[in-house]
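Undergrad: no sequence for this one, just the structure:
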């Protein structure tokens, strides 16, 4: 079939043609946002889930929904090595400039820009990566103490006051939140808490790996009461079927039922993998309907594509010992696994491997569902590890 018309979209953050199975999550967030806009209490939201479940896509769709409802949004991704103030400052500047165009909010928005100027100037000494255009002179004593927790709370308070005057809300959409430094995350949580106490329309909708819940709790003990944690998991069979069939049917193409069942079995309902299998099954089919035979041929191509992109890019970031640790996990199966069992496979003491485990967690490759347990953050990564490190030579220190 014509590859140009192929509707499937495997790729980092690429929106799928059919966002199936996420309507309830979108509804929950929409209600929370509408509540804060009118001054009613609502918790900020954190989307948590493994790689490949579509958190980034869902976060962006929620941002689009929010803008369509007339609220101000800012969108950020928290990369490793970048400070939170550097991420926030330019985005909040844009939001405040937009609010300054609303007559009722003009004065408060300008005061917010003065607060931002003081914030950036005072914190640039500590956070050298802050780069933001300064539109107004700092107001002495306004968000310029040089203490991130205090100054960020003051800055977001000013943003919230301006948004309230404008009859809207400012919503921060931040992806990969697990990479934010704990002290900086604590400052953000504290600032959101202050806005919530004052019933100001400022809210965070964040996304990250499953360890995000623990990181938030470690940063501030009251975080569990400040956030609603929404689990984003693989799609149920009916939703996975819809994600596959609806885009094809819109173009007059059908799947045989056993072909759909095979794709769902291969992908286990993970949205990213559904797009990968759908793309290759389409390209390999001569005509509608797409058959089981097409899917089986596509599986070989899809797995190779995932190995070279989705999986390999993460594997390449690991040291030799970290790879051996992950391979030992794979030897035990999908997981989660006890730290002692992983150490036993490697013939090492648990204490000796603790630093390695900690580094792999910090790189976002594994997480701890409960004390002493370790699980992959990337679905099907155990199968990849067996393909890329086959046999038993990996057990040797020098392998």
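TA: Alright, I've got the coordinates. Note that the structure is a prediction, hence the values are computed from the model and not measured. Numbering: from 1, shown residues only.
Undergrad: ok, so what distance separates residue 253 from residue 261?
TA: Distance of residue 253 to residue 261, given as Cβ to Cβ, to the nearest Å: 17 Å. Where you see a C-beta, it was placed from the backbone N, CA and C, and this is true even at glycine.
Undergrad: more crowded one of these two?
TA: A count of neighbours by other Cβ atoms under 10 Å puts residue 253 above the other of residue 253 and residue 261, at 20 against 16.
Undergrad: That one touches residue 289, doesn't it?
TA: Yes. Residue 253 is within contact range of residue 289, at 7.4 Å (criterion: Cβ atoms under 8 Å).
Undergrad: Mind pulling up the pLDDT for residue 269?
TA: According to the prediction, residue 269 has pLDDT 95.
Undergrad: Then it would be within a helix, right?
TA: No. Under DSSP: H, G, I helix; E, B strand; the rest coil, residue 269 falls outside any helix and is assigned coil.
Undergrad: Can you get me a residue count around it?
TA: Around residue 269 there are 21 residues (other Cβ under 10 Å).
Undergrad: Identify the residues contacting the residue lying closest to it once chain neighbours are set aside.
TA: Among residues not flanking residue 269 along the chain, residue 234 sits closest, at 3.6 Å (Cβ to Cβ, 6 or more residues apart in numbering). Taking Cβ atoms under 8 Å, 6 or more residues apart in numbering, we find residue 234 in contact with 53, 240, 268-271, 379.
Undergrad: make it 6 Å
TA: 268-270 (Cβ atoms under 6 Å, 6 or more residues apart in numbering).
Undergrad: Pick the one among those closest to residue 192.
TA: Of all those, residue 192 sits closest to residue 270, with 30.7 Å by Cβ to Cβ.
Undergrad: measure stretch 65-79 end to end?
TA: By Cα to Cα, to the nearest Å, the extent of stretch 65-79 from end to end equals 24 Å.
Undergrad: List the buried residues of that stretch.
TA: For stretch 65-79, burial by neighbour count (16 or more other Cβ atoms under 10 Å) applies to 65-66, 71-78.
Undergrad: Among those, which ones are in strands?
TA: 72-77 (DSSP state E).
Undergrad: How much space separates residue 120 from residue 148?
TA: Residue 120 is 12 Å from residue 148, by Cβ to Cβ.
Undergrad: So which of those two has more stuff around it?
TA: Comparing residue 120 with residue 148 by other Cβ under 10 Å, the one with more neighbours is residue 120, at 27 against 23.
Undergrad: can you confirm residue 288 is in a strand?
TA: No. Looking at residue 288 with three-state DSSP, it is coil, so not inside a strand.
Undergrad: just checking, next helix/strand downstream of the helix or strand harbouring residue 172?
TA: For residue 172, the host element (DSSP states H and E) is strand 170-175. Of the helices and strands lying after strand 170-175 in sequence (DSSP H and E), the nearest is helix 182-197.
Undergrad: How about residue 166, nearest residue that isn't a chain neighbour?
TA: residue 105 (3.7 Å).
Undergrad: list the contacts for the one you found?
TA: 99, 162, 165-166.
Undergrad: Local confidence estimate at it?
TA: 97.
Undergrad: next one: phi and psi at it?
TA: phi -110, psi 0 (degrees, to the nearest 10).
Undergrad: quick one: it from residue 99, how far?
TA: Distance from residue 105 to residue 99, by Cβ to Cβ: 5 Å.
Undergrad: Kindly report the same for residue 293.
TA: 58 Å.
Undergrad: Could you check which of these two has the larger neighbour count?
TA: Legend: neighbour count by other Cβ under 10 Å for residue 293 and residue 99, higher for residue 99 (25 against 14).
Undergrad: circling back: Serialize the contacts of residue 234 to a markdown table and add fields for distance to residue 360.
TA: As requested, those are exported to a markdown table (distance: Cβ to Cβ, whole Å):
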| residue | distance to residue 360 |
| --- | --- |
| 268 | 23 |
| 269 | 26 |
| 270 | 21 |
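Undergrad: Which of these sits closest to residue 49?
TA: Looking across the contacts of residue 234 and measuring by Cβ to Cβ, the closest to residue 49 is residue 270, at 9.8 Å.
Undergrad: Surely the closest one and residue 52 touch.
TA: Yes. Between residue 270 and residue 52 there is a contact at 4.7 Å, judged by Cβ atoms under 6 Å.
Undergrad: Max pairwise distance over the contacts of residue 105: which two?
TA: 99 and 165 (8.0 Å).
Undergrad: Just after whichever strand or helix holds residue 214, pick out the following helix or strand.
TA: If you go by DSSP H and E, residue 214 is part of helix 212-219. The C-terminal neighbour of helix 212-219 among helices and strands, as given by DSSP H and E, is helix 223-226.
Undergrad: What residues of that following helix count as buried?
TA: In helix 223-226, counting by 16+ other Cβ under 10 Å, buried: 223, 226.
Undergrad: Stretch 266-284 too?
TA: Here stretch 266-284 shows 266-267, 269-284 as buried, counting by 16+ other Cβ under 10 Å.
Undergrad: tally of neighbours for residue 396?
TA: Residue 396: 8 neighbours (other Cβ under 10 Å).
Undergrad: again, but for residue 169
TA: With other Cβ under 10 Å as criterion, residue 169 counts 26.
Undergrad: Run through the residues that contact it.
TA: Here residue 169 is in contact with 36-37, 71, 163, 201 (Cβ under 6 Å, 6+ apart).
Undergrad: By neighbour count, which of the residues you listed wins?
TA: Counting by other Cβ under 10 Å, top hit in the contacts of residue 169: residue 163 with 31 neighbours.
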